Each structure stands twice: as structure tokens, then as C-alpha cells.
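*Asks:* Provided below for reference: sequence and predicted model.
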Amino acid sequence: MSAPKLVAISNFISFANPKAPLYPRLAQGKSWNEMTVTWTSGYDIDEAVPFVEWGRKGDLQHRSPAGTLTFKQNSMCGSPARTVGWRDPGFIHTSFLKNLWPSFVYTYRMGHLLSNGSLVWSKIYSFKSSPYPGQDSLQRVIIFGDMGKAERDGSNEYSDYQPGSLNTTDQLIRDLSNIDIVFHIGDLSYSNGYISQWDQFTAQVEPIASTVPYMIASGNHERDWPNTGSFYDTKDSGGECGVPAETMFYFPAENRAKFWYSTDYGLFHFCIADSEHDWREGSEQYRFIEHCLASADRHRQPWLIFAAHRVLGYSSDYWYGQEGSFEEPMGRESLQKLWQKYKVDIAFYGHVHNYERTCPIYQNTCVNKERNHYSGVVNGTIHVVVGGGGSHLSAFSEVIPNWSLYRDYDWGFVKLTAFNHSSLLFEYKKSSDGKVYDSFTISRDYRDVLACVHDGCEATTLAS
């Protein structure tokens, strides 16, 4: 393009309402019967009052108020977020829809009441409320990490960093009627300090996040910046130091700056850790993780899931192999005794951009010889790297550890299907075609969950 030539000039184009409410994203609240709706607009609270109008499909509609947040340039920790990457994010609103009936379809729309009495509306959306904890029904969960965003018009951003992002997004949209909740476990938008890319990301995931809860975890590209309290002293967040992520999305943490939380969905109990803060024994987060795992009522919620961004468990990634530990340094040393003690079924990680599944494992040793169907007492936790959401792929080590059952150098995601209290299906699907390339099942009874396993036995007495 050394000598560009003007071919035509379009008519003047303007937005009908540049402040309109956009990009709704649902998330579980702090109780099972609460759904939160977060969205972006150009209306500050001195211009308009934000709210959500909602109700069961066909019934009387309610209105719930929304809180309003934003963040400023001086909230950023460094460049480019504080300099050339800065763009005003507008205003982020969150409304709490409470006392939902279990497994009902609700409709909703975001509204803003202007000072002159007129109303500005979004379009109408719908969601299905969460099942009651322990409810025996079909429940389907999607888990992946490291997706990012990409351009629909075929153009590429600088370095084409997330080439598989649209494939993952589109596969989830195609199968949305068979999905109940999504967990994106870190490295969300890869904005890396260019704030406008959060709008691009929330627009891309809107068909998903407006329909099912879109639960997130914190990754290095959201949080890490030197001398800001992150466990890793890198510049991976581009100066954002967690502020956009914790503002743009709701998650039911006690402290939004500390990205760890628990959430229930029917037969599942999830413990979401924050690998960008210290998780080691003696830390505040370690105490949270143990409390979260211990609080699971395994009679009502037999499927106990742990997730974090970095690989705190097992991965035969090339760089982990070079270090010789096949894990994030110091990753599992403190946590593996908790996974074993509380009988965690599956632990998920992102950060490494590929797919890998281990055997049920404890202290580097496979504790179950099965590969595709586990029945009765499983004896250990299955660790899964599912960081192939869309970012550039990560190479594997040439050494294949004996605990590694399946590896795939491709983009994809995991789907968990709980049929009831006793039967769980695990499927790994490629983003390119949505087909299943790895799977296993777990079949067991409540007594199998209670059974004594190595380093996971309750105290007993000889007294009668």
C-alpha cells in the first residue's frame, strides 16, 4: 500500500444511541437461586437509573435495580493500559435477580430510566435458572481456558494471537441448547492493556453469556504486574492488574480483588482458585480452598470440581518438562493432600494451550488402571489441562509421563454431563468440528464417595 488510491466515500454513519445497554453477561450469584446480569452502557447514574426487567416467561415482570461501576486511567498499573492502550470503558452495571424458582425459563431486558422520564431498553433475552442443589436432573457444564477474541471479517490483530477463538465460540453457540453453564478459567480477552478489546470480547461471547451463566477465573493476562500483589512478578496483564476483569464480569467472591470463590450448580460443587495469588499452605487462599472442598455436601452434590488457571496439578507441557516437574513450580505440593483428603473428582487448568488428561493420580502415581470407565471407588483425582480455547498452541514435552493418558495439540473444550447422582460423562471436543476425541465415564454410589482411600480416611475408633 505504498500508493493508496481513494475509491469511494461512504455516507455519514452514526450510532442510533451510542450509550445503549449492550453485551449482557450472566453469572451465578452467591446463592443457588440468584442470577446476576452485568452489562455495559454509556449512562452514568446521574444521567439514568439502570435496572433489569425480568420474570418467568409469560408471567408478571419485576424490576430489579442495578449497581454501577467503572474504572479510570489512574486505576491501571502500567503501560499500555495506563498510556496508549487506555480507552474509557463506559459504565458497568450489575443487577441481582433473586428468589428464582429452580430450572425455570426467565426472560429479561436491561433498561435505563432517563431524567426526562423516558426509557431506553435492550432487546429481550432469556435464561434458565439453576437447579436446586442436589436436584436429580440432566446438567451440562462447559470448561475451557485461554480463548481470547478474533475478527469476524478475516483480518488479524497484531501477531494473530488467538487463532482458534472464533471456532470455540461458534461451536458453543451451535450447541447452546445443550449447555447449562460455562466456566472460562482465565486468560479471557487477552486485551493485554488495550482496554477497547474488552468490548470486542464481551460482544463475541454475548450469545453465550446472555443465555447461560458465564463463570470466570483469573489468569496471568488479567492480573499479573510487578509490585501489585500478584504472585508472579510479570507484565502479562499489560498494566491492567486485574481491574478490568473484576469490573467487567461478576463472580461470587467475597473480595473481587481476590479471585477465588465457590459456586453450586445442581449436582456439582465448584471450587475456583486464583493461581495469580499465593495458594500455598498457610496462605489465605489455601484456607479458602480447604474450606470450599470440605463444605461440599457429597450426598447432594457428588461431583466435586477444582479449577485454576495455571497448572497446579500435572501437565507434560514442553516448558514444564524442561523444568522437570511437569507442573507450575510449587503447584501441587501443598494442594494434592487436599484433593486427596476431600476426594476431588476432576481438577481443571488452562494456561498451557493444549489438551491433556491424566489417570486418577496421587503423588505422581496412577491409583486406578482404568482409562475410559471408572466405577466404584476412583482413589484419586483426574487432572485435565483444557487451555486450548483459542490462543496460540503450546508444544508438549517429547517425554510422555506414564500418568498422561491423552494429549492433543489442538483447540478444544470439555463438556461434563451429570445424568444423576451416580453417573457422569466427560467429553473433550475439538473446536474445529465439535466432535468428541476423548471421553470417560464415572459410575458410583454415595458409599463409594465416602470410602477410605490413601491419605483420605476419616478417623475411626474401636469403641462400641
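*Replies:* Done, it's in. Residues are numbered from 1 along each chain as shown.
*Asks:* Going by C-alpha atoms from here, please, whenever you check contacts or count neighbours.
*Replies:* Fine.
*Asks:* give me the beta-bridge partners of the residue nearest to the spatial centre of the chain?
*Replies:* For the chain, residue 184 is the residue whose C-alpha lies nearest the centre (Cα atoms, centre = their mean; 2.4 Å). Bridge pairing for residue 184 (DSSP bridges) gives the partners residue 144, residue 216.
*Asks:* could we number from 413 for the rest of this?
*Replies:* Got it, the first residue is 413 from now on, which makes the last one we talked about residue 596.
*Asks:* That one against residue 556, yeah?
*Replies:* Yes: counting by Cα atoms under 8 Å, residue 596 does reach residue 556; the two are 5.3 Å apart.
*Asks:* what's across from the nearest residue to residue 480 once chain neighbours are set aside in the sheet?
*Replies:* Nearest non-adjacent residue to residue 480, counting by Cα to Cα, 6 or more residues apart in numbering: residue 505, 4.5 Å away. Beta bridges link residue 505 to residue 451, residue 480, judged by DSSP bridges.
*Asks:* Ok, the one 4 residues further on next?
*Replies:* Applying DSSP bridges to residue 509 gives these bridge partners: residue 447.
*Asks:* And the strands in the stretch 763-876 of the chain, which stretches?
*Replies:* Residue ranges of the strands in the stretch 763-876 of the chain, as given by DSSP state E, counting those that start in this stretch, are 767-774, 777-778, 785-787, 793-798, 816-820, 824-830, 835-842, 848-855.
*Asks:* just the ones you listed: most buried one?
*Replies:* For the strands of the stretch 763-876 of the chain, the largest average neighbour count (mean count of other Cα atoms under 10 Å) is found in strand 793-798, namely a mean of 27.
*Asks:* what's in contact with the helix or strand bottoming out on mean pLDDT in the chain?
*Replies:* Within the chain, no helix or strand scores below helix 730-735, which has a mean of 91 by mean pLDDT, DSSP states H and E. Helix 730-735 is contacted by residues 738-740, 806-811 when judged by Cα atoms under 8 Å, 6 or more residues apart in numbering.
*Asks:* Show me what counts as buried in stretch 641-661.
*Replies:* Buried residues in stretch 641-661, counted by 16 or more other Cα atoms under 10 Å: 642-644, 647-661.
*Asks:* repeat for stretch 707-714
*Replies:* 708-710, 712-714.
*Asks:* Any stretches of the stretch 413-562 of the chain with poor pLDDT?
*Replies:* 413 (pLDDT under 70).
*Asks:* My guess is residue 533 contacts residue 526. True?
*Replies:* No: between residue 533 and residue 526 there is no contact under Cα under 8 Å: 10.9 Å.
*Asks:* how many neighbours does the closest residue in space to residue 712 that isn't next to it in sequence have?
*Replies:* Leaving aside its sequence neighbours, residue 712 sits nearest to residue 546 (Cα to Cα, 6+ apart; 4.1 Å). For residue 546, the neighbour count with other Cα atoms under 10 Å is 20.
*Asks:* My understanding was that residue 546 contacts residue 678; is that so?
*Replies:* Yes: the pair residue 546 / residue 678 is scored as a contact, 5.1 Å apart, by Cα under 8 Å.
*Asks:* Which strand or helix spans residue 615?
*Replies:* Residue 615 is part of helix 609-621 when elements are defined by DSSP states H and E.
*Asks:* Could you name the helices and strands sitting against that helix?
*Replies:* strand 434-440, helix 577-586 (3 or more Cα pairs under 8 Å, 6 or more residues apart in numbering; DSSP states H and E).
*Asks:* Helices of this structure, residue ranges please.
*Replies:* Taking DSSP state H, the helices of the chain run over residues 577-586, 609-621, 632-635, 655-660, 696-706, 730-735, 748-753, 858-862.
*Asks:* out of those helices, which comes closest to residue 442?
*Replies:* Proximity to residue 442, assessed across the helices of the chain by Cα to Cα, is greatest for helix 696-706 (13.4 Å).
*Asks:* Need the contact partners of the closest one.
*Replies:* Here helix 696-706 has contacts from 672, 674, 683, 685, 689-693, 716, 747, 750, 754, 756, using Cα under 8 Å, 6+ apart.
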